[in-house]
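Novice: take this sequence and fold it.
(one chain, ligands or ions: 1)
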Amino acid sequence: MSIVVRLDHLTKQYLKAPRPAVSNMSFEIPEGAVFGLLGPNGAGKSTTVMMLCGLMRPDSGTVSVLGLDMQEHGAEVRKKIGVAPQEIALFPTLTAHENLVYFGRMYGLKKDEIKRQIEKYLSVFNLREKAHKQVGTFSGGMKKRLNLIAALLHQPRLVILDEPTAGVDVQSRNMILDFLTDLKAEGTSIIYSSHVLEEAERICTHLGIIDEGTVLQTGTRGHVMAQHPDCQNLEQLFLKLTGKNIRD
Ligand SMILES: Nc1ncnc2c1ncn2[C@@H]1O[C@H](COP(=O)(O)OP(=O)(O)OP(=O)(O)O)[C@@H](O)[C@H]1O
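Specialist: Got it, this is the predicted structure:
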């Protein structure tokens, strides 16, 4: 099985920060995996995701995505992957349809393909009737679903999702998780960053549990759980590895 993402000794420290947000981090993600990047608040998930997408440069170490080095081929890779960042990346004064046309063009899709994909995904995510409404008027769940569509229009082989269900109701969350399960079945690789462990248990095939910028445990979900026979579920394992202290 080929590797879609390889992080090799990745380190990043923010200006004036007392310690690195990501420190000497290495792991691999095989093609077709749903990789749960899990960690408590401030663990380094978003910083890792930003380096994975080439939106932030590491201080040291390398990131390879779809076999290409991000430092050298970042622009090329960004066209091939889909990214739904934690902060909604949509234009609030444009309609849902206008936003998606913008993203479709950005990915270099042809006009009829953009039309086809937009129609398909607005239906899948139950947003068809809202297609011509300004995104600024949307609920949190609708924005999250649209943000996800924007990452999928060009049928990427790898989709990177930073907390895709944060702030959405149970209905939207279910819809998003069911969709991701179908997407995986079609062979798409998914990186799913979250601290919602029940969701990770439901959809992830592989896990990377991180804290304080370092990897505590990684591998298939079965392998990770088998390392800790005293833990009955992922929450117990997570608390065992990351501790019970409240994070800010
Ligand atoms: N722009 C920044 N400048 C300085 N420090 C930052 C910056 N962004 C993040 N940090 C710090 O880097 C560390 C890792 O943050 P990051 O946002 O990557 O964690 P996270 O796991 O995504 O957290 P959360 O679950 O709360 O979103 C934290 O200590 C955070 O306070």
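Novice: now the strands for this protein?
Specialist: Remark: strands of the chain, listed N- to C-terminal, are 3-12, 22-30, 34-38, 60-65, 68-69, 81-84, 158-162, 189-194, 206-211, 214-220; assignment by DSSP state E.
Novice: figure out which of these is closest to Thr137.
Specialist: strand 81-84 (20.3 Å; C-beta to C-beta). Backbone N, C-alpha and C define where each C-beta goes, glycine included.
Novice: next one: the closest one to chain centre, how far?
Specialist: Here strand 81-84 shows a centroid-to-chain-centroid distance of 7 Å under the convention C-alpha atoms, centre = their mean, to the nearest Å.
Novice: for Ser46, list the residues it contacts.
Specialist: Under the criterion of C-beta atoms under 8 Å, 6 or more residues apart in numbering, the contact partners of Ser46 comprise Gln86, Asp162, Ser193.
Novice: phi, psi for the closest residue to Met50 other than its chain neighbours please.
Specialist: Take Met50 and drop its neighbours on the chain: the residue closest to it by C-beta to C-beta, 6 or more residues apart in numbering is Met56, 4.0 Å away. The main-chain torsion angles of Met56 are listed as degrees, to the nearest 10 and equal phi -140, psi 140.
Novice: in the protein, which residue is most central in space?
Specialist: When C-alpha atoms, centre = their mean is applied to the chain, the residue found nearest the centroid is Leu161 (1.8 Å).
Novice: sorry, back to before: quick one: residues contacting the residue nearest to Met50.
Specialist: The neighbours of Met56, taking C-beta under 8 Å, 6+ apart as the test, are Lys12, Thr47, Met50.
Novice: try 10 Å this time
Specialist: Counting by C-beta atoms under 10 Å, 6 or more residues apart in numbering, Met56 makes contact with Lys12, Tyr14, Ala21, Val22, Ser46, Thr47, Thr48, Val49, Met50.
Novice: can you pull up the bridge partners for the first one?
Specialist: With DSSP bridges applied, the residues forming beta bridges to Lys12 are Val22.
Novice: burial of it, as a residue count?
Specialist: Burial of Lys12 is recorded as 22 neighbouring residues (other C-beta atoms under 10 Å).
Novice: that one against Val49, yeah?
Specialist: No. The pair Lys12 and Val49 does not pass the contact test of C-beta atoms under 10 Å, sitting 11.5 Å apart.
Novice: dihedrals phi and psi, Ala131?
Specialist: The phi and psi torsions at Ala131 (degrees, to the nearest 10) take the values phi -50, psi -40.
Novice: per-residue pLDDT, the closest residue to it other than its chain neighbours?
Specialist: Leaving aside its chain neighbours, Ala131 sits nearest to His97 (4.5 Å; criterion: C-beta to C-beta, 6+ apart). pLDDT recorded at His97 is 98.
Novice: count the residues that sit near His97.
Specialist: 19.
Novice: what sits against it?
Specialist: With C-beta under 10 Å, 6+ apart, His97 has these contacts: Lys115, Ile118, Glu119, Leu122, Leu127, Arg128, Lys130, Ala131, His132, Lys133, Val135.
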